[in-house]
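**Student:** 3D model of this:
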Amino acid sequence: MRAEGAMRRTCGHLLLALLVSLLLLGLLARSVPGEGALPFFSRLLVTLQHLALPLVAVYVGASLLRSLLQTGRYRLLLEHSGPERPGFLPVFLVTMSRNMFIDLLPARLGELSFVAMLNRGCRVSAAACLSALAIAFLFDLLALALILVVLLGWQLVQLRPQWWLIAVIPLLLLLVLAGFAALFPGLRGCEALLRRWSGGRSWPLLRKLGGRAMAFVSALIQALQQARAAGISGRLLAYSLAVRLAKYLGLYSLFCAVAMLQFPEVDTALTPVLMALVSGEAAAALPVPAFMGFGVYEGGGMLALSALGASRSAALAIMLGLHLLSQAVDYGLGCAALVLFVVLGSGRAAAKGASDPGRRKRRLLFALLLLMLGLAAALVSVRELRHWQRRQAMAPPTSFGETLPGESVQSGHLAQILRGRRGFLVWSSNRSGNHALWRLDLPEGRLSRLTDGHHAAAFPRIAPDGRRVLFARSKTRWNSQRDHLAWDVYLLDLQSGAERLLARDGNAPTWSADGNSVFFQRQGRQMLRLDLASGREQLLLASGGNLAVPQDTWLETPSLSPDGRRLAVTLRGARRATAVVDLADGALHPVGDGCQLAWSPDGSYLFKVDHGGRQQNAFYRLDARTLAPLKWLDLPGEFSHEYFPRVAGSGDLLVFAASRGDHEHDKADYEIFLWQIGRPPAEALRLTFHSGNDNWPDLYLYPEP
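**Tutor:** Numbers count the residues shown, from 1 in each chain. This next block holds a predicted model:
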């Protein structure tokens with residue numbers, strides 16, 4: 001009955017902690033400006049799908065190194081705290097399990113798993129275990145203070161000190177002094193109080209309980225004194241510094257793995273990242289009943305990153321992504337260690353097996369085999385998860401949306417933007433069940449479908465004369481736009497409706513300024529020019545053909561400057577950047593991250609999509625000479641995840657798509673907008689009202705008579 005009651009209480013505490021964490025995370029997500037919890041968590045999933053996996057591997061290696069160093073420190077303390085001499089393997093397995101359990105309960109109560117496993121499995125006294133934990137904790141704080149002192153000294157040399165370090169370092173040193181004072185003189189005073197309390201009680205039960213408590217405190221004092229008298233302070237400090245460095249090396253790598261690809265605007269320098277990590281760790285140590293520290297860890301790190309200039313959305317996504325990944329790794333390693341500890345028959349059995357070398361070797365081989373199988377299973381699981389994520393992105397949509405009732409284009413506003421001109425809009429939409437090209441005549445508002453939809457059509461581009469449309473057609477009925485390969489380039493005559501195949505295995509076609517040539521991407525790794533009159537193809541750029549563009553680099557959304565000398569391109573794969581390539585000498589000029597870099601019609605500037613907006617995305621304008629980016633457009637409304645920008649040939653209008661935060665190119669509910677360049681963002685006019693997917697718009701204005 002007692003066991004059942006304890007189990008119910010434990011489950012109740014875990015359920016309460018889980019509810020508190022969910023509540024805190026929901027409140028933090030809702031605090032992000034311009035979005036709610038669901039859009040935020042959908043973008044978090046996208047962030048976790050695009051990680052720098054080599055940096056995640058660095059975190060795994062650093063976690064194993066940290067556990068090895070902690071094991072050496074604990075064994076050093078245990079050897080000088082009592083007569084027990086546990087072996088390296090049992091202490092290593094217990095240490096990895098302890099690193100798993102430490103965040104499961106608030107206020108570091110998970111540390112007690114270390115005591116329980118060593119006491120029951122290796123017959124190490126509870127007093128020796130607690131002594132080792134307490135001293136190691138204080139040396140951890142001392143090592144952290146020394147690391148921050150070195151960091152502050154480096155900042156002072158560079159004349160860029162951060163004053164929060166000056167406040168934190170004395171606080172840490174005071175905590176260390178207070179801790180040592182509580183362990184040594186403090187426990188002596190506690191022992192004296194227990195002796196007086198138990199001696200003055202007439203009830204036998206109270207005297208018995210007081211005597212047991214006094215005996216335990218005496219044993220703890222003896223263990224602490226033995227450790228202090230052993231003269232191992234220097235070695236303990238060295239171990240603790242190495243443990244801290246390994247820990248922050250791993251967490252810094254994991255922070256960069258989450259932030260570098262999806263949040264290039266966030267500063268990944270050591271000092272701000274370390275501040276966020278320390279803040280998150282300090283918050284998670286508070287006595288808040290949160291499950292694995294979720295909610296409080298993110299809150300502490302989010303406050304630090306926000307104070308250093310990061311947006312709340314980016315700060316929360318990074319800290320939550322980092323926390324999820326670190327817990328996945330720590331719990332994977334911890335569960336494997338716990339299983340091995342049990343399989344080995346605990347450290348006590350392993351110690352007894354020392355007299356039987358053959359049995360010990362068999363157990364060790366079996367443990368290593370299980371560890372290898374566990375690591376292989378983890379690698380397979382990660383690979384399968386990434387494959388599943390890719391399959392989810394590549395799978396055709398199951399819903400095609402519906403027309404929104406009661407919505408229409410504001411004709412007065414549209415007439416003001418067009419200023420008496422007429423034209424038409426062409427874009428790709430799945431409102432008919434598969435992606436087809438659609439046309440909207442302006443300002444009349446007449447809607448018509450241009451392709452039959454038997455195969456998906458995407459990336460339409462109107463010819464300079466307004467009579468033809470280039471587009472990419474999928475080789476199968478539907479193909480994800482994330483797949484660069486299974487597409488062909490077609491030409492559509494708007495007057496006759498006739499279609500003509502221009503290039504096999506082509507994608508992302510665009511026009512030359514005179515309309516006599518077509519530029520397109522082939523097999524994701526080549527950029528070509530096609531002369532329409534002769535049908536001759538010319539290779540302009542290929543991955544691997546330029547040292548700055550290594551092999552296995554995807555070349556996306558090519559855009560040639562009007563003078564034909566420079567190519568704007570988005571690089572993915574082996575190299576990730578947006579860049580301008582000088583076609584004469586092959587020189588590559590990176591212009592940061594982002595995507596969909598393109599030239600303006602007159603070649604005076606470029607524009608692209610990048611992070612830093614209200615709902616992650618915004619448009620940036622880059623001067624053609626300096627290539628310096630400047631935020632250009634970020635909508636204030638509910639549709640503020642901007643994508644697919646295209647400047648009309650007149651140069652004064654920008655047509656683009658925007659969603660409520662969803663990112664998937666050919667599945668999210670993107671709507672088409674029209675903006676008069678230079679006007680306030682709030683004046684951008686919504687042109688489509690359908691809950692399906694609308695993307696890759698292009699606008700043509702008829703010449704004025």
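**Student:** show me what the helix or strand harbouring L146 is packed against.
**Tutor:** For L146, the element it lies in under DSSP states H and E is helix 126-157. Contact partners of helix 126-157 among helices and strands, from 3 or more CB pairs under 8 Å, 6 or more residues apart in numbering; DSSP states H and E: helix 53-79, helix 112-122, helix 163-183, helix 204-229, helix 233-262, helix 270-284. Where you see a C-beta, it was placed from the backbone N, CA and C, and this is true even at glycine.
**Student:** tell me how many other residues crowd R312.
**Tutor:** When neighbours are counted by other CB atoms under 10 Å, R312 registers 17.
**Student:** got it, and G61?
**Tutor:** With other CB under 10 Å as criterion, G61 counts 13.
**Student:** which ones are touching it?
**Tutor:** Counting by CB atoms under 8 Å, 6 or more residues apart in numbering, G61 touches G250.
**Student:** just the pLDDT at it, thanks.
**Tutor:** Here the pLDDT value assigned to G61 is 86.
**Student:** could you do C595 as well?
**Tutor:** Reported pLDDT for C595: 91.
**Student:** list the contacts for A682?
**Tutor:** 635-637.
**Student:** could you redo the last one with a cut-off of 7 Å?
**Tutor:** P636 (CB atoms under 7 Å, 6 or more residues apart in numbering).
**Student:** that one and F673, how far apart?
**Tutor:** Computed as CB to CB, to the nearest Å, the A682 to F673 distance reads 11 Å.
**Student:** likewise for L172?
**Tutor:** Applying CB to CB to L172 and F673 gives a distance of 52 Å.
**Student:** these two: who's more crowded?
**Tutor:** Ranked by neighbour count (other CB under 10 Å), L172 and F673 place F673 first, with 23 against 18.
**Student:** just to check, the more buried one is in contact with F656?
**Tutor:** Yes: contact status for F673 versus F656: in contact at 5.7 Å, counting by CB atoms under 7 Å.
**Student:** just to check, T451 is in contact with R439?
**Tutor:** No: between T451 and R439 there is no contact under CB under 7 Å: 10.2 Å.
**Student:** of the two, who's got more company?
**Tutor:** The neighbour count for T451 versus R439, taken as other CB under 10 Å, is higher for T451 (23 against 18).
**Student:** mind checking how far the more buried one is from R467?
**Tutor:** Separation of T451 from R467 (CB to CB): 16 Å.
**Student:** where does the stretch 301-450 of the chain have low pLDDT?
**Tutor:** 308-309, 345-399, 405-411 (pLDDT under 70).
**Student:** helix, strand or coil: sort out Y620 for me.
**Tutor:** strand (DSSP: H, G, I helix; E, B strand; the rest coil).
**Student:** ok, the closest residue to it other than its chain neighbours - how many residues close by?
**Tutor:** Closest residue to Y620 in three dimensions, ignoring its sequence neighbours and counting by CB to CB, 6 or more residues apart in numbering: P629, at 4.4 Å. Residues lying near P629 (other CB under 10 Å) number 19.
**Student:** test my guess that P629 contacts G594.
**Tutor:** No: P629 is beyond contact range of G594, at 8.3 Å (criterion: CB under 7 Å).
**Student:** which residues do these two both contact?
**Tutor:** What both P629 and G594 touch, as defined by CB under 7 Å, 6+ apart, is the set Y620.
**Student:** tell me how far the nearest residue to R85 once chain neighbours are set aside lies from R73.
**Tutor:** Nearest non-adjacent residue to R85, counting by CB to CB, 6+ apart: E79, 6.1 Å away. Per CB to CB, E79 is found 11 Å from R73.
**Student:** neighbour-wise, which of those two wins?
**Tutor:** Shown here are E79 and R73; by other CB under 10 Å, R73 has more neighbours (26 against 18).
**Student:** does that one touch L237 like I think?
**Tutor:** No: R73 is beyond contact range of L237, at 9.9 Å (criterion: CB under 7 Å).
**Student:** wait, what's in contact with the residue nearest to A283 when sequence neighbours are not counted?
**Tutor:** Once flanking residues are discounted, A283 sits nearest to G300: 2.8 Å by CB to CB, 6+ apart. Contacts here follow CB under 7 Å, 6+ apart; on that basis G300 touches 279-280, 282-283.
**Student:** please apply the same query to H589.
**Tutor:** Per CB under 7 Å, 6+ apart, neighbours of H589: 579-580, 627.
**Student:** ok, 10 Å please
**Tutor:** 548, 566, 568, 577-582, 627 (CB atoms under 10 Å, 6 or more residues apart in numbering).
**Student:** mind checking how far the closest residue in space to E638 that isn't next to it in sequence is from Y643?
**Tutor:** With sequence-adjacent residues excluded and distances taken as CB to CB, 6+ apart, E638 is closest to R660, at 5.5 Å. According to CB to CB, R660 stands 12 Å off from Y643.
**Student:** shared neighbours of those two, which are they?
**Tutor:** Shared contacts of R660 and Y643, defined by CB under 10 Å, 6+ apart, are found at 668, 670.
**Student:** isn't N516 up against L532?
**Tutor:** Yes: checked against CB atoms under 10 Å, the pair N516 and L532 is within contact range at 5.9 Å.
**Student:** which of these two has more neighbours?
**Tutor:** Between N516 and L532, counted using other CB under 10 Å, the more crowded position is L532 (17 against 11).
**Student:** can you pull the contacts of the more buried one?
**Tutor:** By CB under 10 Å, 6+ apart, the residues touching L532 are 463, 468, 491, 500, 502, 511-512, 515-518.
**Student:** try 6 Å
**Tutor:** Counting by CB atoms under 6 Å, 6 or more residues apart in numbering, L532 touches N516.
**Student:** can you tell me how far it is from F519?
**Tutor:** 11 Å.
**Student:** then A436?
**Tutor:** Taking CB to CB, one finds A436 at 24 Å from F519.
**Student:** the two - which one has more neighbours?
**Tutor:** Counted by other CB under 10 Å, A436 and F519 do not tie: F519 has more neighbours, with 24 against 21.
**Student:** would you agree L567 falls within a strand?
**Tutor:** Yes: looking at L567 with three-state DSSP, it is inside a strand.
**Student:** hang on, it packs against L560?
**Tutor:** Yes: with contacts counted by CB atoms under 6 Å, L567 reaches L560, the gap being 5.5 Å.
**Student:** these two - which one has more neighbours?
**Tutor:** Neighbours around L567 and L560, counted as other CB under 10 Å, are more numerous at L560. The numbers are 25 against 22.
**Student:** got a list of what that one touches?
**Tutor:** 519, 567.
**Student:** now it: phi and psi?
**Tutor:** The phi/psi pair for L560 (degrees, to the nearest 10) reads phi -90, psi 140.
**Student:** distance of L68 from V60?
**Tutor:** 13 Å.
**Student:** pLDDT wise, what is the residue nearest to R85 at?
**Tutor:** Per the predicted model, pLDDT is 82 at E79.
**Student:** quick revisit: thinking the residue nearest to Y620 is in contact with L622, fair?
**Tutor:** Yes: P629 is within contact range of L622, at 5.1 Å (criterion: CB under 6 Å).
**Student:** quick one: the spatially most central residue of the chain and M527, what's the gap?
**Tutor:** Geometric centre of the chain, nearest residue: V258, 3.1 Å, by CA atoms, centre = their mean. The gap separating V258 from M527 is 31 Å, by CB to CB.
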